[in-house]
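Trainee: I'd like to go over a predicted model; first the sequence, then the structure.
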There are 4 protein chains.
Amino acid sequence: MYVSVIGGEQCSEEIYNMAIEVGRRIAKLGAVLVTGGRKGVMEAASKGAKMENGVTIGILPSVDRQEGNEYLDYKIVTGLGYARNVLVVLNGDIVIAIDGHYGTLSEIAFALEYGKPVLGLRSWNVGIKNFNNVDELFEEVESLIQQKS
Amino acid sequence: MYVSVIGGEQCSEEIYNMAIEVGRRIAKLGAVLVTGGRKGVMEAASKGAKMENGVTIGILPSVDRQEGNEYLDYKIVTGLGYARNVLVVLNGDIVIAIDGHYGTLSEIAFALEYGKPVLGLRSWNVGIKNFNNVDELFEEVESLIQQKS
Amino acid sequence: MYVSVIGGEQCSEEIYNMAIEVGRRIAKLGAVLVTGGRKGVMEAASKGAKMENGVTIGILPSVDRQEGNEYLDYKIVTGLGYARNVLVVLNGDIVIAIDGHYGTLSEIAFALEYGKPVLGLRSWNVGIKNFNNVDELFEEVESLIQQKS
Amino acid sequence: MYVSVIGGEQCSEEIYNMAIEVGRRIAKLGAVLVTGGRKGVMEAASKGAKMENGVTIGILPSVDRQEGNEYLDYKIVTGLGYARNVLVVLNGDIVIAIDGHYGTLSEIAFALEYGKPVLGLRSWNVGIKNFNNVDELFEEVESLIQQKS
């Protein structure tokens, strides 16, 4: 199973720490973490996943692997600019949006367009379920996984 | 000048008629109309632009020009699926969102991400100015154009 | 009908002049000319098409319309880098390759992959018919058009 | 280090076996194998890499992971159609072309356009070094790696 975590390159310390915890939980579930590979929420989730020996993949906008953060096992370069956002969500069986700005909004919208389950953690209110803390979020994630299997 | 009109493939008759009027106004301004080239709001805006002898370009998701509506002067095929949404907004100097569902939301988000001015006509409330009727919308469009020139 | 002309950004004066003539012939056939929108062969073909009042579309790699040459009626920006090469050939009913380097080779290959008819004018020898002058090339173009209609 | 192996979905048994050996050698070098993720040469190289416990990534044209062969550790879906060819070569520090048809040709061309080192094994003669057997090919691969480090 692949879980995509989307969120901004810039975030508060509180959000950063929540994103670490989200990454840890994803790794504990045995799922591969997919992100946009950059700083902020993407970095934090990847860091968390690596704490639990999870696998992390970053799908980068440029053609330069240097752009990726240090917690990525595999870096996929695209050269597509923001159009790579589509790829980030296409590669998740579940998409988790944490906080985030317009890039994140585009990813939520694409995920919904492609019929992916999208869960929010203090993210955009655009018709997705938003949770206030990581525990509540993962109750829902686990319930989703059980439905699928 | 290019103006992108984004909106759903399915819409009410009221929205369809408003989109026709939006297309007419864009053509009267001498601007090229860019849309995603399909039915609904995209078709209506293109129909309106042709009523005033404007130029209409449709940027299509598939590789098949047959997918385009009948009011397009030029059909650009992409084979990119929904990733073509990025191209639709990249090609507008101004982006007008009319009503719309998730595809439209992704386009609004991309437009904002790329720093484009985005105006809404009864569209998503995600930090853009939304208007209730075409007259109010075009007051703002004309004000934007004056600022640019 | 749309005809894509592909070729390098840099070319000899002889090739440039041949590309002008190719553009003129395309316009005289009433077809829309599609190119990658930049200098060299792309510019020359567009210049030729405009001499005969044809319509010219340039599909650009960056997000900046300034990148396009001065003989384009419509400039489509993509932000896809060289991946826009795919779009250039997808939009031609016939693809004409003039001279050219690796970018042109990628376009020939994509065109063949998508089953497009590809004709060469002093271009890559990779299984396409190559002609030595514009007259011979257009005998074949006209024969292709007759087969289609 | 990432090595991209490109080649056709259909190939002779001889080529298939050579591609297995290429995959094995890549894994023995400790490099990650990147392919287009489908059958034929892509499958064979991935199979070989897995024989040596290498890591294999497939970058798929559709949005459906089912499209990938059984020897992939990670499947990246793109929904870009043949435009995903660009991503396959962008992700290799070295690109190895084995046999192949037009899709492979487009990948060679893109790799050259992006300045990647491209080596051929009985592949297209378009300005790349072509080798007749795997041993000769890997002498060159190892020499390239030494130059880089």
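Mentor: Now that the structure is in, tell me what you want to look at. Numbers count the residues shown, from 1 in each chain, chains lettered A, B, ... in the order given.

Trainee: tell me where chain A has strands.
Mentor: A:2-7, A:32-35, A:56-60, A:74-77, A:94-98, A:118-121, A:129-131 (DSSP state E).

Trainee: looking at these, which is nearest to chain C?
Mentor: strand A:74-77 (10.8 Å; Cβ to the nearest Cβ). (Glycine included, C-beta is placed from N, CA and C.)

Trainee: who touches the closest one?
Mentor: A:37, A:55-60, A:62-65, A:67-68, A:87, D:32, D:55, D:57, D:59, D:74, D:76, D:87, D:90-91 (Cβ atoms under 8 Å, 6 or more residues apart in numbering or on different chains).

Trainee: partner strands of it and their direction?
Mentor: When sheet partners are counted by DSSP bridges, strand A:74-77 sits next to strand A:56-60 (parallel).

Trainee: against residue A:2, how distant is residue A:92?
Mentor: Look at residue A:92 and residue A:2: by Cβ to Cβ, to the nearest Å, they are 5 Å apart.

Trainee: now residue A:117
Mentor: Between residue A:117 and residue A:2 the computed distance is 12 Å (Cβ to Cβ).

Trainee: which residues are in contact with each of those two?
Mentor: Common neighbours of residue A:117 and residue A:2 (Cβ under 8 Å, 6+ apart) are residue A:93.

Trainee: which parts of chain A sit against chain B?
Mentor: A:80-83, A:85-86, A:102-103, A:105-106, A:108-110, A:112-114, A:124, A:126 (Cβ under 8 Å from any Cβ of the partner chain).

Trainee: might you specify the subset of those located within helices?
Mentor: Among the residues of chain A next to chain B, the residues falling in helices (DSSP state H) are A:85-86, A:102-103, A:105-106, A:108-110, A:112-113.

Trainee: Serialize those to CSV and add fields for distance to residue D:13.
Mentor: Formatted as CSV, these follow (distance: Cβ to Cβ, whole Å):
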residue, distance to residue D:13
A:85, 42
A:86, 38
A:102, 52
A:103, 47
A:105, 51
A:106, 46
A:108, 48
A:109, 47
A:110, 42
A:112, 46
A:113, 43
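
Trainee: now residue A:1, nearest residue through space, not along the chain?
Mentor: For residue A:1, the nearest residue in space outside its immediate sequence neighbours is residue A:31; the separation is 4.3 Å by Cβ to Cβ, 6 or more residues apart in numbering or on different chains.

Trainee: identify the residues contacting the one you found.
Mentor: A:1-3, A:54, A:93.

Trainee: now for those residues: which two are most distant?
Mentor: Considering Cβ to Cβ, no two members of the contacts of residue A:31 lie farther apart than A:54 and A:93, which are separated by 14.9 Å.

Trainee: please determine how far residue A:67 is located from chain C.
Mentor: Using Cβ to the nearest Cβ, to the nearest Å, residue A:67 is found at 14 Å from chain C.

Trainee: what about that residue, how many neighbours?
Mentor: When counting by other Cβ atoms under 10 Å in any protein chain shown, one arrives at 16 neighbours for residue A:67.

Trainee: per-residue pLDDT, it?
Mentor: Here the pLDDT value assigned to residue A:67 is 96.

Trainee: next, the contact list for it, please.
Mentor: A:37-38, A:60-61, A:77.

Trainee: any of the residues you listed buried? List them.
Mentor: Neighbour counting over the contacts of residue A:67 (16 or more other Cβ atoms under 10 Å in any protein chain shown) leaves A:37-38, A:60-61, A:77 as the buried ones.

Trainee: can you list the residues of chain A near chain C?
Mentor: A:63, A:79-83.

Trainee: out of these, what pair is the most spread apart?
Mentor: Checking the residues of chain A next to chain C with Cβ to Cβ, the most distant pair is A:63 and A:82, at 14.4 Å.

Trainee: looking at the two, which is more packed in?
Mentor: A count of neighbours by other Cβ under 10 Å puts residue A:82 above the other of residue A:63 and residue A:82, at 21 against 17.

Trainee: which positions in stretch A:137-149 come out as buried?
Mentor: A:137-138, A:141, A:145.

Trainee: and the lowest-mean-pLDDT helix or strand in chain A with strand A:2-7, angle?
Mentor: Every helix and strand of chain A was ranked by mean pLDDT, DSSP states H and E. The lowest is helix A:134-148, at a mean of 94. Between helix A:134-148 and strand A:2-7, the angle comes out at 150 degrees (axes from the mean of the first three to the mean of the last three Cα atoms, to 10 degrees).

Trainee: ok, residues contacting helix A:134-148?
Mentor: A:1, A:3, A:18, A:21-22, A:25, A:29, A:93-94, A:96, A:117, A:119, A:121, A:129, A:131.

Trainee: distance of residue A:5 relative to residue A:92?
Mentor: 8 Å.

Trainee: over to residue A:62?
Mentor: Residue A:62 is 21 Å from residue A:92, by Cβ to Cβ.

Trainee: out of these two, which sits in the busier spot?
Mentor: More neighbours surround residue A:92 than the other of residue A:62 and residue A:92, with 25 against 18 (other Cβ under 10 Å).

Trainee: without its sequence neighbours, what residue ends up closest to the more buried one?
Mentor: residue A:4 (2.8 Å).

Trainee: which residues does that neighbour bridge with?
Mentor: Where residue A:4 sits in a bridge, its partners, by DSSP bridges, are residue A:34, residue A:95.

Trainee: picking that back up, what's the overlap in contacts for residue A:92 and residue A:2?
Mentor: residue A:34.

Trainee: centre of the chain to stretch A:103-110, how far?
Mentor: 11 Å (Cα atoms, centre = their mean, to the nearest Å).

Trainee: oops, could you answer that again for stretch A:76-85 instead?
Mentor: 15 Å.

Trainee: check stretch A:120-134 too.
Mentor: Distance, centroid of stretch A:120-134 to centroid of chain: 13 Å (Cα atoms, centre = their mean).

Trainee: residues of that stretch that come out buried?
Mentor: So stretch A:120-134, judged by 16+ other Cβ under 10 Å, has buried residues A:120-124, A:126, A:128, A:131, A:134.

Trainee: again with stretch A:109-119
Mentor: A:109-114, A:116-119.

Trainee: may I have that stretch exported as CSV, CA atoms only?
Mentor: Output of stretch A:109-119 as CSV, limited to C-alpha atoms (Å, rounded to 0.1, in the frame of the first residue of the first chain):
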residue,chain,number,x,y,z
ALA,A,109,-8.6,18.6,-5.9
PHE,A,110,-6.7,16.2,-8.2
ALA,A,111,-7.0,13.4,-5.7
LEU,A,112,-10.8,13.9,-5.5
GLU,A,113,-11.0,14.1,-9.3
TYR,A,114,-9.3,10.8,-9.6
GLY,A,115,-11.6,9.3,-6.9
LYS,A,116,-8.9,8.8,-4.2
PRO,A,117,-9.9,8.8,-0.5
VAL,A,118,-8.6,12.1,0.9
LEU,A,119,-8.3,12.8,4.6
